[in-house]
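Participant: I'll drop the sequence and a predicted model, then ask my questions.
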Amino acid sequence: MPNTENFYAGADYGLDPDYPGPDIASVPIAPYIRTSQIGTAVNPQTANQIKAVSDALNTGVKTVEVQMTFPEIEKAIPNQHLKEINRLRQLTGAELTLHGPMVEPTGFNPQSPWSESQREQAERQIWQAVERGHQIDPDGNIVVTLHSSQTLPEPRTRIITPEGEEVSTSLYVIDERTGRQGALPKPKKDYLFGTEANVKEELKKINEEQWTTSLSNVSIAATRGTEAIESLHHQLERTKGVNGLEDKDLQKIYKLSKSKEGQNFINSLNPEAKKLAEGIIDNVNYGDVFIRDSYRSLQNLYNEAYYEAERTRNKKTLGRLDEFKEEIAPLMKKYKDEPEKVIELGRAITKGIQLLDSIEAPQTLKPLEDFAIDKASETFANVAFKGYEKFRDKAPIISIENPPVGMGMTRAEELNKLIKETRNKFVEKAKEKGISESEAKEQADKLIGATWDVGHINMLRQYGYGEEHLKKQFEQMAPYIKHLHLSDNFGMSHSELPMGMGNVPMKSYEELLKKYGDKVKNIKRIMEAGDWVQQFGGVSPFSHTLQNYGSPIFAMDFAPYWNQSAGAGGGYYSGQGPILPDIHFRTYGSGFDALPIELGGQMTGRDRLTGGATE
C-alpha cells in the first residue's frame, strides 16, 4: 500500500476492531456499557421540556433525563406537557428519568432558625414533583433524583494534610429545639496540659458546660425566691397583732396579695398597717417572680433532658424523670390555689435541679450531620412511602444524589447513613400499615437508593484527597447506586465536561461497579455537561463520552466500538466540524458544496441527525 498521509485519526482503520482508536480512548472505560445505558440531561432552565426532550431524542440518544431541577421552573411545566412527554417515550421507545427539584429536605435555612414546619413544607414540595414525575413514565419505576441537601453547609469540614492525615477543621452544630445553628472552629492546642482535642470532644465539652451553667442559673433564681418567701414568714411572725393586724389578716394579705379583694382589704387599713401590708406584698411579689422564673427554666431543661432520654432510649433516666414529674405536678396546682405553698415548690425545684445535674448532659448542640440525617431521612421516607401507597408496583424510585463537595451530605459515609436511615423509616411506616417486615424491606431496597455524581465527589481533590480516596468513596456507595450522573472536571471546581476530558477515574469506578453484576446492569448513566455545551457552541458531549467509554456501536454488544470509529465517519455526532472539507475535492476537480454537512459537504441549515442548526 502506498505511503499516504492520514489527515484524520482512525480514517484508514475506521471499523477495524484491532485499531485502538484515538489516544484519549486507547483503553476503553467499559466496552460492556451499551450506548442505550448512557443518556443525557436536557436543558434545566426551560419549562418547555417537550422541546428539550424531543431535541435530545433527535440526536439519537435513547435515555433522557427530564429536568425539574429548579423549583421556579418546575412549577411552570404544565401537566399536559408531562403527558405528552410520556407519549414521546412510548412513540420512540426511549427511557426517561427525572431530576427532581433542588429543595432542602431537612427544612434547614441558614437565614432563620430551623422548624419542623419548614421540613414539612419541603416534603410537600418534593412529593408534588415526584407525583407529577410519575406522569412521565406511569408504566415503570421512574428514577427520580433528589439532592441530599441544597442549603445545608458541610456538616464537618475535613482535609488531607501534606503528611497524608485526614483532620477535621470545623464542625457545624444546631440546637434542634431552638433552631440555633453555628460552626465550631477547630479547637486550639492546650499548651498547659499538652493536649489537642478534636472538634467532637470540644462539642461534648461545650454541651456539658452549657448544661451546668443553665442548672446553676435556675438554682440561683430558686434560692432567691425561696429565701424571700421564708423571710416573709419570719416577718409575719414578728408582726402578729401589730397595729391591729391579726394573724388571719396577714394570711389574707399573703393569699390575696395579687387580687383585687386583697388590694381593697389593704386600702381599708390604717396608714401604718397599710404600709406594713404593702411591704409584705412587695416581698411576696419579689419571691414569686424568682420562683416562677426558675420553674419555667427548670421546665425547659426538664424537656431537653426528657427529649434526649427518649431519643437515646434511656429507660432508667426516663423513669427518674417521670417520678419527678408526678411529684411536682400536684405542687404546681397547689401553688395556684394556695400561694403559701410556694416554699414547697421552691424546694421541689431545687430537688429537680439536683436530679438533672445527676444525669448525663443532653446534647443540646448536635452535630449538624446527625440532625440532617434524621430530618432528611424523614422527608425521603415519607415521600417514598406515599409513592408506594399511591402507585404500588409502579412507584417512583427515590434516588438521593450527593451534591458538590463543600455542601452538606455529599460524602459517601454521610449519604450511606442517610439511605440506610431512610430505608429503616420506610420499613417502620410500612409495618404500621400492616405490611410484613420482609415485604417492607424488599420495597425499601427497591425504591430508595443513590444517584452518585462522579463529578461532584471528584471535587474532594481540592482538599488534598487523591484517586485512592475517591475509589473508596465509590466503593462505599456501589451497593446503593441506582443511577449515575456523569461529568468530568479537574477536582478544583464544579466544571462539567464530557467524560475523559478531566481526571475523574471513571474506568476504576466502572470496574468496581461491575462486581455487582445483574444488580447494577440496568443502571443509567446521565451526562451533565452544561459547561461543555455552553463553552463550545452547543456541541453535544455524547460522542466524546461514548468514545471514552468505548461503548459498542451496535446493540449486539460487540465491536466495532465508538472509540475505534472516532474520526472515520462523516459526522453522526456533532463536534468534529466538516469531516471532508470541500477544498480537498475541488483540488482534484470536484466538490461537495451541495451535500449537507453531516455527509461531509458544505451545505448549512438543519442537521438531520442532531436536529440542530449547522453553519
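Facilitator: Received it, and whenever you're ready, just let me know what you need.
Participant: all contacts plus neighbour counts: C-alpha atoms, from now on.
Facilitator: Will do.
Participant: looks to me like Lys482 is in a strand.
Facilitator: Yes - according to DSSP: H, G, I helix; E, B strand; the rest coil, Lys482 belongs to a strand.
Participant: residues contacting it?
Facilitator: Residues in contact with Lys482 (Cα atoms under 8 Å, 6 or more residues apart in numbering) are 143, 399, 449-451, 520, 523-524.
Participant: do that again at 10 Å, thanks
Facilitator: Lys482 makes contacts with 143, 145, 397-400, 446-452, 519-525, as judged by Cα atoms under 10 Å, 6 or more residues apart in numbering.
Participant: gap between it and Trp211?
Facilitator: According to Cα to Cα, to the nearest Å, Lys482 and Trp211 sit 44 Å apart.
Participant: could you do Leu355 as well?
Facilitator: To Trp211, Leu355 is 13 Å away according to Cα to Cα.
Participant: quick check: Ala444 touching Ile435?
Facilitator: No - contact between Ala444 and Ile435 fails when scored by Cα atoms under 10 Å: they sit 11.9 Å apart.
Participant: between these two, point out the one with more neighbours.
Facilitator: Ala444 (26 against 14; other Cα atoms under 10 Å).
Participant: helix, strand or coil for that one?
Facilitator: Per three-state DSSP, the local secondary structure of Ala444 is helix.
Participant: and for the closest residue in space to it that isn't next to it in sequence, the neighbour number?
Facilitator: Closest residue to Ala444 apart from its sequence neighbours, by Cα to Cα, 6 or more residues apart in numbering: Arg423 at 5.2 Å. Residues near Arg423, counting by other Cα under 10 Å, number 28.
Participant: tell me the secondary structure of Arg423, please.
Facilitator: Secondary structure, three-state DSSP: Arg423 is helix.
Participant: check Ala450 too.
Facilitator: Of the three states, Ala450 takes strand according to three-state DSSP.
Participant: residues near it, how many?
Facilitator: Residues near Ala450, counting by other Cα under 10 Å, number 28.
Participant: residues in contact with it?
Facilitator: 143, 145-148, 397-402, 415-416, 418-419, 477-484.
Participant: in strands, which of the residues you listed fall?
Facilitator: Judged by DSSP state E, the subset of the contacts of Ala450 located in strands is 143, 145-147, 397-401, 481-484.
Participant: can I get the residues you listed in JSON lines including distance to Ser294 and pLDDT?
Facilitator: Below are those laid out as JSON lines (distance: Cα to Cα, whole Å; pLDDT from 0 to 100):
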{"residue": "Val143", "distance to Ser294": "54", "pLDDT": "97"}
{"residue": "Thr145", "distance to Ser294": "50", "pLDDT": "98"}
{"residue": "Leu146", "distance to Ser294": "46", "pLDDT": "98"}
{"residue": "His147", "distance to Ser294": "44", "pLDDT": "98"}
{"residue": "Ile397", "distance to Ser294": "51", "pLDDT": "98"}
{"residue": "Ile398", "distance to Ser294": "48", "pLDDT": "98"}
{"residue": "Ser399", "distance to Ser294": "49", "pLDDT": "98"}
{"residue": "Ile400", "distance to Ser294": "46", "pLDDT": "98"}
{"residue": "Glu401", "distance to Ser294": "47", "pLDDT": "98"}
{"residue": "Ile481", "distance to Ser294": "53", "pLDDT": "96"}
{"residue": "Lys482", "distance to Ser294": "54", "pLDDT": "96"}
{"residue": "His483", "distance to Ser294": "55", "pLDDT": "96"}
{"residue": "Leu484", "distance to Ser294": "56", "pLDDT": "97"}
